[in-house]
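Trainee: Sequence first, predicted coordinates after that:
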Amino acid sequence: MNNKFKVLIGVDVETDVGSFTPFYEGVKKGVPILLDIFEKENVKATFYFVGEMAKLNPEIAKLVAKSNNEVGCHSLYHETIGDEIFPIPGIKPLLPHEIEPRLKIATEWVEKASGVRPVSFRCPRLWGSTSVVNALENLGYTSDATYPLYFYRKQFEPYFPSRNDWTEKGDSKVLEIPNFADMTMKSNDSPIERDRDQWPQFRTIGADFIINKVKSFLEFMENKSEQPVICFYIHPWEFISCKKSFYFGEATVTPDEFITKNTGKVAIDELRKMIKILKELGGDFKTAKEIAEIWNRK
Ligand SMILES: [Zn+2]
């Protein structure tokens, strides 16, 4: 495979284990670890900050802003802002009229903390919607790296969505960037088909496994004559050793095993290995902002 292809590493900066804990160990310790890996490997990434994470950890937001990497936004409180793919306890999707005002505040908090106004976005859990993409357009965003390919399975390369249905092509100015998934395997997880998804197999199975998925996706795209962007989503908390369960106040949360498996050293080693192989294969690492600029010139 000699063709160059683009790679977008999106880092979703949120509380430990996503929605289910109120802790920030990953934000404080994991972001510097990732910045160090990216600097040593001479690649760049986009860090999507939850507004509250930036507000409470402005030194971390500034650290990213000062680096070669991009500061993006990942909602206000990691709430469900798009269409939910499966229900989660205690978190209902925002009402349509709540979306834009909350994204506006999130944008302001990230800007205030980092000194950079974000133009790149990703929805929590990859749960996007037409209302979200339209709000992002009104707020001046240029890309949304949300589309979960494993679930919708319609758009394979970055595209400008319709203002009436974000999963179809249209005239929106916000470039939608799909998160790659395995489109060649047989899914045993009907109808959601989450087993096609990439995450978090770089650490639960390993870099070699995910590289094979990348190669099969590149081949799949070559056959369709479409331009692949290998878009990943990872989180700072994966790069510190996570506890198996978390107690706070009224409950102990014990995530599924795959959520915390091999977090810490294994995750660091496998991410580093994955980046090295992607570079050898011709991977050209870009930020989301740069990818939006490239697609706007086409
Ligand atoms: Zn998230």
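Mentor: Happy to help now that I have it. Because the structure is predicted, anything quoted here is derived from the model rather than measured.

Trainee: what about the closest residue to the ion within the chain, how many residues close to it?
Mentor: Here the chain gets closest to the ion at one residue, residue 12, 3.9 Å apart by CB to the ion. In this view, the C-beta of every residue, glycine as well, is placed from N, C-alpha and C. Using other CB atoms under 10 Å, residue 12 has 26 other residues around it.

Trainee: Adjacent strands (with direction) for the helix or strand encompassing it?
Mentor: Under the criterion of DSSP states H and E, residue 12 resides in strand 5-13. Here strand 5-13 has these sheet partners by DSSP bridges: strand 46-49 (parallel), strand 229-234 (parallel), strand 283-285 (parallel).

Trainee: which one of these has the most crowded surroundings?
Mentor: With neighbours defined as mean count of other CB atoms under 10 Å, these peak in mean count at strand 46-49, which reaches a mean of 30.

Trainee: Surely the residue of the chain closest to the ion touches residue 232?
Mentor: No: taking contacts as CB atoms under 8 Å, residue 12 lies outside contact range of residue 232: 10.4 Å.

Trainee: Now the common contact residues for these two.
Mentor: Shared contacts of residue 12 and residue 232 (CB atoms under 8 Å, 6 or more residues apart in numbering): none.

Trainee: on that earlier part again, pull out the buried residues from the strand holding residue 12.
Mentor: Going by neighbour count (16 or more other CB atoms under 10 Å), the buried part of strand 5-13 is 5, 6, 7, 8, 9, 10, 11, 12, 13.

Trainee: How about stretch 181-200?
Mentor: Buried residues in stretch 181-200, defined by neighbour count with 16+ other CB under 10 Å: 181, 182, 183, 187, 193, 196, 197, 198, 199, 200.

Trainee: So which of these belong to strands?
Mentor: Assignment to strands by DSSP state E places none of these there.

Trainee: about what we covered before: report the rounded mean pLDDT for the strand holding residue 12.
Mentor: What strand 5-13 shows for mean pLDDT is 98.

Trainee: now it: how far from the chain's centre is it?
Mentor: 7 Å (CA atoms, centre = their mean, to the nearest Å).

Trainee: Stretch 276-290 now?
Mentor: Relative to the mean C-alpha coordinate of its chain, stretch 276-290 is positioned 15 Å out (CA atoms, centre = their mean).

Trainee: Keeping just the C-alphas, turn it into PDB.
Mentor: In PDB, the C-alpha atoms belonging to stretch 276-290 read as follows (Å, rounded to 0.1, in the frame of the first residue of the first chain):
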ATOM      1  CA  LYS A 276       4.700   4.100  14.300                       C
ATOM      2  CA  ILE A 277       3.100   1.500  12.000                       C
ATOM      3  CA  LEU A 278       0.600   4.000  10.600                       C
ATOM      4  CA  LYS A 279       3.500   6.300   9.700                       C
ATOM      5  CA  GLU A 280       5.300   3.400   7.900                       C
ATOM      6  CA  LEU A 281       2.100   2.700   6.000                       C
ATOM      7  CA  GLY A 282       2.000   6.200   4.700                       C
ATOM      8  CA  GLY A 283      -0.300   7.800   7.300                       C
ATOM      9  CA  ASP A 284      -0.400  11.600   7.200                       C
ATOM     10  CA  PHE A 285      -1.500  12.900  10.600                       C
ATOM     11  CA  LYS A 286      -3.700  16.000  10.500                       C
ATOM     12  CA  THR A 287      -5.800  17.900  12.900                       C
ATOM     13  CA  ALA A 288      -9.600  18.100  12.300                       C
ATOM     14  CA  LYS A 289      -9.200  21.800  11.400                       C
ATOM     15  CA  GLU A 290      -6.700  20.900   8.700                       C
END
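
Trainee: Quote the end-to-end distance of stretch 34-47.
Mentor: Start-to-end span of stretch 34-47 (CA to CA, to the nearest Å) is 10 Å.

Trainee: Report whether that stretch contacts the ion.
Mentor: No: using CB under 5 Å from the ion, stretch 34-47 never reaches the ion; the gap is at least 11.8 Å.

Trainee: The stretch 101-250 of the chain against the ion: which residues are in contact?
Mentor: residue 124.

Trainee: quick one, helices of the stretch 101-250 of the chain?
Mentor: Assigned by DSSP state H, counting those that start in this stretch, the stretch 101-250 of the chain shows helices spanning 130-138, 149-152, 201-204, 207-224.

Trainee: Present those as JSON lines; the columns should include mean neighbour count and mean pLDDT.
Mentor: Supplementary listing: these in JSON lines, determined by neighbours: other CB atoms under 10 Å; pLDDT from 0 to 100:
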{"stretch": "helix 130-138", "mean neighbour count": "21", "mean pLDDT": "98"}
{"stretch": "helix 149-152", "mean neighbour count": "20", "mean pLDDT": "96"}
{"stretch": "helix 201-204", "mean neighbour count": "22", "mean pLDDT": "97"}
{"stretch": "helix 207-224", "mean neighbour count": "16", "mean pLDDT": "95"}
